Every structure is written in C-alpha cells, then in structure tokens.
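Enquirer: dropping a prediction and its sequence here:
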Amino acid sequence: MNVYIEQIRPELTWHLRQKVLYPAQKLYEMEMEEDEDGIHFGAFTDNRLVGIVSLFEKTGDFQFRKLAVDPEYQGKGIGNALLNYITDFSKTAGGSRLWCNARLSAIGFYEKNQFNHTGQLFSKNGFDYEILENSLI
C-alpha cells in the first residue's frame with residue numbers, strides 16, 4: 001500500500017478524530033482551541049485521508065495529540081508511518097522530546113515505537129491515560 005504524509009488544515013482532522021476516538025460525540029465538538037497553534041498531518045492512500053495526527057511545540061518539547069487511523073486501515077503500518085514522520089519532523093525542528101497522553105488501550109502500540117513510560121497516569125472524559133515520551137537527542 002502506498003502511503004504519503006503531508007501537512008493538512010486542522011478541520012481536515014475532525015472527521016477521523018470523531019470516527020476513531022470519539023464516536024459518541026458530534027463533529028463540531030472535535031475542534032480544539034489549540035488547533036490553530038498546531039501542525040496537523042494526514043496520511044493518504046489512494047487520495048483518501050486514512051490517518052491523522054496533530055503536533056504542538058513548546059520550547060523544544062513536542063506533544064502530539066489525536067493520532068487516529070481509520071479502522072479499515074489499522075494494522076497496516078499507517079500509525080507507525082505517522083509516528084515516524086512526526087518524530088523526524090520534531091528532530092529536524094530541534095526538538096528534544098516527543099510525548100503524548102496515551103490511552104491505556106494504546107500503550108502497546110507506543111511501546112513498540114520506543115516510547116517510554118513516565119508513570120504519570122490520569123483520567124479525562126471517561127478515558128485513562130499515561131504520559132509516554134521519546135527522547136529525540
């Protein structure tokens with residue numbers, strides 16, 4: 001499968017955010033206040049948007065949020081491709097750390113991609129999370 005990744009406008013992430021991460025919520029609820037401050041990436045195959053992620057930088061620390069892959073395309077390396085892409089992007093931009101609030105149900109995916117546990121656990125909106133990180137230096 002041919003996959004390419006490019007920067008996209010924030011509103012293009014909303015459909016997959018809803019479909020994959022928050023199916024019980026309305027599409028208009030997918031916009032985050034911070035969207036305008038982020039850099040958003042989409043993974044495409046056959047001109048179809050099949051994966052998304054949003055990246056935010058604060059003084060060399062890059063946080064990614066809302067990583068989602070269309071269920072039809074999960075298990076085909078698209079999540080890995082997005083993670084590799086933003087890792088390289090963050091390194092090139094001089095970042096020292098890439099981190100996320102990982103849903104506990106997705107921890108195994110991040111472990112396979114060399115993310116480390118911080119032990120910082122929390123719950124928000126009915127989901128349990130742990131902060132995971134990857135050193136870029």
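Expert: The structure has been received and is ready for your questions.
Enquirer: who touches the longest strand seen in the chain?
Expert: Using DSSP state E, we find that the single longest strand of the chain is strand 48-58. The contact list for strand 48-58 (CB atoms under 8 Å, 6 or more residues apart in numbering) reads 3, 8, 10, 12-13, 15-17, 32, 34-35, 37-44, 62-70, 72-73, 78-79, 81-83, 86, 89-90, 93, 95. (C-beta placed from N, C-alpha, C; glycine too.)
Enquirer: ditto for stretch 33-44
Expert: By CB under 8 Å, 6+ apart, the list of residues contacting stretch 33-44 from outside reads 3-10, 12-13, 32, 49-57, 65, 69, 78, 81-82, 85-86, 89.
Enquirer: following the longest helix seen in the chain, which helix or strand shows up next?
Expert: When the chain is parsed with DSSP state H, its longest helix is helix 78-92. Note on helix 78-92: by DSSP states H and E, the next helix or strand toward the C-terminus is strand 97-103.
Enquirer: quick one: contacts of the next helix or strand after that next one?
Expert: If you walk from strand 97-103 toward the C-terminus, the next helix or strand you reach (DSSP H and E) is helix 107-112. By CB under 8 Å, 6+ apart, the residues outside helix 107-112 that reach it are 79, 100, 102, 130, 132.
Enquirer: if we go to 10 Å?
Expert: Outside helix 107-112, the residues within contact range by CB atoms under 10 Å, 6 or more residues apart in numbering are 67, 69, 74, 79-80, 83, 100, 102-103, 115-117, 129-130, 132-134.
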